[in-house]
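S.K.: Below is the sequence, then the predicted model.
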Amino acid sequence: MEAVSDLLDAKAWYDERRTGLGDDFVEALERVIGLISELPSAFPEISAHLRRALLGRFPFAVYYRFDGEAVEVVACPHTRSSPSRWRGRG
């Protein structure tokens, strides 16, 4: 899955900057994923059936679809990356 690869790259990048920062990134991501799991409709719908949750401390977003039953993570890009890089996923 491309989103997982993106996140592993981001964790490695943060770890290169400061020991443990990659772990902080993963913890922030896990918190957001937990919130999405608990309250998938709480985050803004930015286009038809696509929602976005921001990581806060880190400049990344989780883009996902929620059909009323299941959540599908589409991408987890850096907020400055071009949407064309991930829009075709899923």
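M.R.: Thanks, I have the structure now. Numbers count the residues shown, from 1 in each chain.
S.K.: Spell out the residue ranges of the strands in this protein.
M.R.: 45-47, 50-54, 61-66, 71-75 (DSSP state E).
S.K.: want to try JSON lines for those strands, with distance to G34 and mean pLDDT as columns?
M.R.: (Glycine included, C-beta is placed from N, CA and C.) Formatted as JSON lines, the strands of the chain follow (distance: least, C-beta to C-beta, whole Å; pLDDT from 0 to 100):
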{"stretch": "strand 45-47", "distance to G34": "20", "mean pLDDT": "92"}
{"stretch": "strand 50-54", "distance to G34": "11", "mean pLDDT": "95"}
{"stretch": "strand 61-66", "distance to G34": "11", "mean pLDDT": "93"}
{"stretch": "strand 71-75", "distance to G34": "11", "mean pLDDT": "89"}
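S.K.: Dump those into a markdown table; add mean neighbour count and distance to L29 as well.
M.R.: Shown next, in a markdown table, are those (neighbours: other C-beta atoms under 10 Å; distance: least, C-beta to C-beta, whole Å):
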| stretch | mean neighbour count | distance to L29 |
| --- | --- | --- |
| strand 45-47 | 11 | 19 |
| strand 50-54 | 18 | 10 |
| strand 61-66 | 20 | 7 |
| strand 71-75 | 17 | 10 |
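S.K.: Out of those strands, the one nearest K11 is which?
M.R.: strand 61-66 (14.6 Å; C-beta to C-beta).
S.K.: and the angle from the closest one to strand 71-75?
M.R.: Relative orientation of strand 61-66 versus strand 71-75 (axes from the mean of the first three to the mean of the last three C-alpha atoms, to 10 degrees): 140 degrees.
S.K.: Which residue would you name as the spatial centre of this structure?
M.R.: V62 (2.4 Å; C-alpha atoms, centre = their mean).
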